[in-house]
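Enquirer: coords please:
(chains A, B, C, D, E and F)
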There are 6 protein chains.
Amino acid sequence: MAITNKDIAWLRVPAEEGAPAGVKELCDKAVEKLGFVPNVLRIYSLRPRHLELWNAFYDDLMRGDSGLTKVQREMLAVVVSTTNRCHYCMVSHSAYLRKLTGDPLFVEQLRTSYKYADLDPRDRAMLDFAVKLTEESSSCSEADVEALREAGWTDEDIMDIAQVVGMFNFTNRLASGLGWVPNEEFVTLGLDEGSST
Amino acid sequence: MAITNKDIAWLRVPAEEGAPAGVKELCDKAVEKLGFVPNVLRIYSLRPRHLELWNAFYDDLMRGDSGLTKVQREMLAVVVSTTNRCHYCMVSHSAYLRKLTGDPLFVEQLRTSYKYADLDPRDRAMLDFAVKLTEESSSCSEADVEALREAGWTDEDIMDIAQVVGMFNFTNRLASGLGWVPNEEFVTLGLDEGSST
Amino acid sequence: MAITNKDIAWLRVPAEEGAPAGVKELCDKAVEKLGFVPNVLRIYSLRPRHLELWNAFYDDLMRGDSGLTKVQREMLAVVVSTTNRCHYCMVSHSAYLRKLTGDPLFVEQLRTSYKYADLDPRDRAMLDFAVKLTEESSSCSEADVEALREAGWTDEDIMDIAQVVGMFNFTNRLASGLGWVPNEEFVTLGLDEGSST
Amino acid sequence: MAITNKDIAWLRVPAEEGAPAGVKELCDKAVEKLGFVPNVLRIYSLRPRHLELWNAFYDDLMRGDSGLTKVQREMLAVVVSTTNRCHYCMVSHSAYLRKLTGDPLFVEQLRTSYKYADLDPRDRAMLDFAVKLTEESSSCSEADVEALREAGWTDEDIMDIAQVVGMFNFTNRLASGLGWVPNEEFVTLGLDEGSST
Amino acid sequence: MAITNKDIAWLRVPAEEGAPAGVKELCDKAVEKLGFVPNVLRIYSLRPRHLELWNAFYDDLMRGDSGLTKVQREMLAVVVSTTNRCHYCMVSHSAYLRKLTGDPLFVEQLRTSYKYADLDPRDRAMLDFAVKLTEESSSCSEADVEALREAGWTDEDIMDIAQVVGMFNFTNRLASGLGWVPNEEFVTLGLDEGSST
Amino acid sequence: MAITNKDIAWLRVPAEEGAPAGVKELCDKAVEKLGFVPNVLRIYSLRPRHLELWNAFYDDLMRGDSGLTKVQREMLAVVVSTTNRCHYCMVSHSAYLRKLTGDPLFVEQLRTSYKYADLDPRDRAMLDFAVKLTEESSSCSEADVEALREAGWTDEDIMDIAQVVGMFNFTNRLASGLGWVPNEEFVTLGLDEGSST
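Expert: Numbering: from 1, shown residues only, chains lettered A, B, ... in the order given. I've put the predicted structure just below:
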């Protein structure tokens, strides 16, 4: 497999043509949806079996059945990635959240300080927990879980919140540790359009 | 599904009998291997589909084909969990690593400070990267990746190291954020036996 | 003076009509240049004499004669404000830097991690110093100043770098401590145009 | 302009004789008041126009009309500089505050921990805000501003508190980043005299 | 005095045979009690007079008359050493606490997170104070002392709690700063026996 | 024993008259030397036996035979206490060091930033180690010990440095955790005299 475009990560990036069928399918779906292949797929295909297994879990967690809306899950993605100052994930998930909400100002608030966003108490409780769990997980306590319940979240929802927070603590480390560069297309994606799925 | 044993997490833990077939299978395998069902399976079965998809990825990452030995992957588990001060993961993965190595002193060193362990430079470079990526991912740079290459790791290996570090940054947040309690069996597991796989 | 629009700060914001002549002049200039009055002027006019004196200094520092270009001074504004996670200043100075450079991708890199930007060594040394001086000023040493000289900066330039870094450590505290809200116009400013002064 | 006394900063310090009229006037006033030229004036005159503009703002903020007394503004100077561990500003503003209050014990308490000082609740609230705004500005919230109001401060006062805190976050960075050395005269200034203005 | 076993510290370790009578007596007592000489005695005998004076104080503080039980004092030892991540003290005092309590699970909880231990409110208040005093002593306040009184501790008890916390902040620095290696015997000590004194 | 002067600590302070002979002797010696009884003796006499044992160790460590001069040991006291921001110990040991050196400017430098003091490389290496050991003991390594050796310290000296650093990490926690107030006499002690022992 030829060594290709070093400019998108600090590790060797495999050529697209040699990718296994499963990876190619993921890339094709992405093109259909976004118009381009996000660099995460090109970079992660260095370990194609891991990519497929990770993506199966990721996709179900972020877009499958849950008490959290897709917007709420992307809000967590942006806030966790901002807390960890992860370049790839801040840029790409800001774009996804703009696309989902059609609201660039809201995304700008989440990616600097959600304190300035107009959030209902349930979403605010969710994001408070996300930041604490990201920054100082060992100091979380049963009172933090209880605060989520009081804000209206079920135990299944709380499990999903923790999983999404955990997931971006996973991806932020891949991206920041291995120097992933976001596609330039993400920078303006969702800046000029209304809300969609 | 009945609410059961609250003493093993801050969230409701589903009764084992009602678990879907896929989850039951995971539990049976664990009993065969360890003699008991690790609480992670009982707790995570609140979201059975997520458990199955997460476990498929986790299992391949930790025990599937890789340039890292199983011992090296468990070393990462212990060191990342120690860095994050995660009770469940420190106790359970210390046990797994004792079982794999038959060396309680070595595990004791890794779970306080691997500086005191007798490591070759390759393993030491791996653990240095793991701590930096866990504690301050946004300050990682290409030089850190280069240091791993110089220690003898391939790009595929480095990808696996980053994934395992990311994985325990995921599980540590689930366990510490949701109050997971390790099975008491873990405390002495591997203290009286020789090395095995 | 009537109490007005509380939505742009946590302190009372004076009505524009009652503002002294010096403040009105600043507002008029801003409208001419940007098309709107940045909220900083409306909020700061609670202390009109301070606003005029601060602005005289700020304006000369950021746009007056210096060995640093205006772009370099705005780069410092964005990087210091990102380090301090200041909502008002990140949003407004990202806009100013986009307007100056016509390069939204470059601004996106600076406001998450300038490590990913294509910088010459002189600019990189300047930003490294800015982050250290912002985060841990008491650990700066003569070696840090020497590193700037080696990168090609004169002593006058270094004085200006330190002053601009200091200035945004001033404004970030005003904005974050008093809840300043950036004008919505900043969010998209400079996303669709070429470079200008 | 000749290069002079390198022992008072890490940057070249201009000779006094060559200084512009505005700077000379500042120096003369200082000698009249203190008996010597504080090194800040000699060092800052590397950029004489900046010095004059900065000083015009600084002087009005620290000594002009305000709901804060001069003592309260110097208390902020000492506490912010202590928080930032700034050598020049701790030494010089401890001296100014001793001179203003004639109370060396009080100054000693402020420059290690104002917790031990006998403060009224209004001053204590002011200093609590100063430390939070200095150490973690991005976590300040409307509740912090409300606490100041409840302690009896007006919105104009709160604006001045934030400005003085911001000002010393500016000067602390100049002094610590550029290695400013305080005049030896400051060490004992105000240790043997009563209160004055 | 011959230079001996470098593997137990980063400093030269004196030969046992040349030790003064006072040190020999300490070693003999330890052998009687534990079956071996803890490395602390061998290492500290580089400064035999200091060892004797320190040990006289340490022994009275940890085992002399006090409102705290020996178990409570060892709980403080484990929790302070865990907070400071001190290898020697975590390993050795985990062993002492297992020996005293016969409860390896309890020790495992204290040495990762005492949040998971089944503690009465008095012990929990003691450990909360220990962690705060270890991590951020300068932010302790009279309210922290009052909380201990409310939990049932007398002023003499609180003095002893602070002294034991202080003591392990002393020993942790000796051990971590000078590379003390715990005896391998500590690793399994107390894992297979019931409670004793 | 009557409850007395609450203004010097957050714990009850025993009356001097009821103190045991050993404590009285310590107080008498202090009066002879300083002209007053330092509050540490009055406060610590709540546990008179501990005071005598601690003091025996402290006195030998700080004033007994050592490769470190008394000035060097007091330099460590000031720098460790400054690092920990301990009010009692900064004020009292600044006074002791002024008395020993007759150099108030030097003490002022040590108690804000020893970077500005004119130190030989041996003293600077000692203080660098002191700060690292105080702030982040678990990251100390054999290289730090080696740096002390290279600066000219013997292994016995290094043991004493570590002990003195440890000692002030002990006393700083007593003083900051229990609200010890320094005697007002310390504030000006040593400001008007030459060097002595």
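
Enquirer: Would you mind finding the longest helix in chain A?
Expert: Longest helix of chain A, by residue count under DSSP state H: helix A:155-178.

Enquirer: can you tell me the average pLDDT over it?
Expert: Here the mean pLDDT over helix A:155-178 is 98, rounded to a whole number.

Enquirer: can it be found next to chain B?
Expert: Yes: for a cut-off given as CB under 8 Å from any CB of the partner chain, helix A:155-178 has contacts with chain B, namely A:155-156, A:158-160, A:162-163, A:165-167, A:169-174, A:176-178. (Each C-beta comes from the backbone N, C-alpha and C, glycine too.)

Enquirer: swap in stretch A:23-36?
Expert: No: Stretch A:23-36 is not in contact with chain B by CB under 8 Å from any CB; minimum separation 14.1 Å.

Enquirer: now what about that stretch, what contacts it?
Expert: Identification of contacts with stretch A:23-36 by CB atoms under 8 Å, 6 or more residues apart in numbering or on different chains yields A:16, A:19, A:37-38, A:41-42, A:45, A:48, A:51-52, A:55, A:183, A:185, A:189.

Enquirer: From the residues you listed, which land in strands?
Expert: Judged by DSSP state E, strands contain none of these.

Enquirer: Going by distance to chain F, which of those wins?
Expert: Chain F has its nearest neighbour among the contacts of stretch A:23-36 in A:L51, at 35.6 Å by CB to the nearest CB.

Enquirer: Ranking by neighbours, what's the top pick from the contacts of stretch A:23-36?
Expert: A:S45 (25 neighbours; other CB atoms under 10 Å in any protein chain shown).

Enquirer: For that residue, which residues are in contact?
Expert: Contacts of A:S45 (CB under 8 Å, 6+ apart): A:14, A:16, A:19-20, A:23, A:51.

Enquirer: Farthest-apart pair in those residues, please.
Expert: Taking CB to CB, the two most distant members of those are A:E16 and A:L51; they sit 12.9 Å apart.

Enquirer: need the next SSE after the lowest-mean-pLDDT helix or strand in chain A, C-terminal direction.
Expert: Each helix and strand of chain A was given a mean pLDDT (mean pLDDT, DSSP states H and E); the minimum falls on strand A:3-4 at a mean of 53. The helix or strand immediately downstream of strand A:3-4 is strand A:13-14, counting by DSSP states H and E.

Enquirer: Report the buried residues of stretch A:107-122.
Expert: A:107-117, A:119 (16 or more other CB atoms under 10 Å in any protein chain shown).

Enquirer: who in chain A is up against chain C?
Expert: Selection of chain A residues close to chain C by CB under 8 Å from any CB yields A:85-87, A:90-91, A:104-105, A:108-109, A:112-113, A:115-116, A:179, A:181, A:184, A:187-188, A:191.

Enquirer: now do 10 Å
Expert: Taking CB under 10 Å from any CB of the partner chain as the measure of proximity, chain A contacts chain C at A:7, A:81-83, A:85-91, A:94, A:103-109, A:111-118, A:176, A:179-182, A:184, A:186-188, A:191-192.

Enquirer: Write the ChimeraX selection for whichever of those residues are buried.
Expert: A single ChimeraX command is used to select the members of the residues of chain A next to chain C judged buried by 16+ other CB under 10 Å:
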select /A:81,82,83,85,86,87,88,89,90,91,94,103,104,105,106,107,108,109,111,112,113,114,115,116,117,176,179,180,181,182,186,187,188,191
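
Enquirer: Mind checking which of the residues of chain A next to chain C are in helices?
Expert: A:81-83, A:87-91, A:94, A:104-109, A:176.
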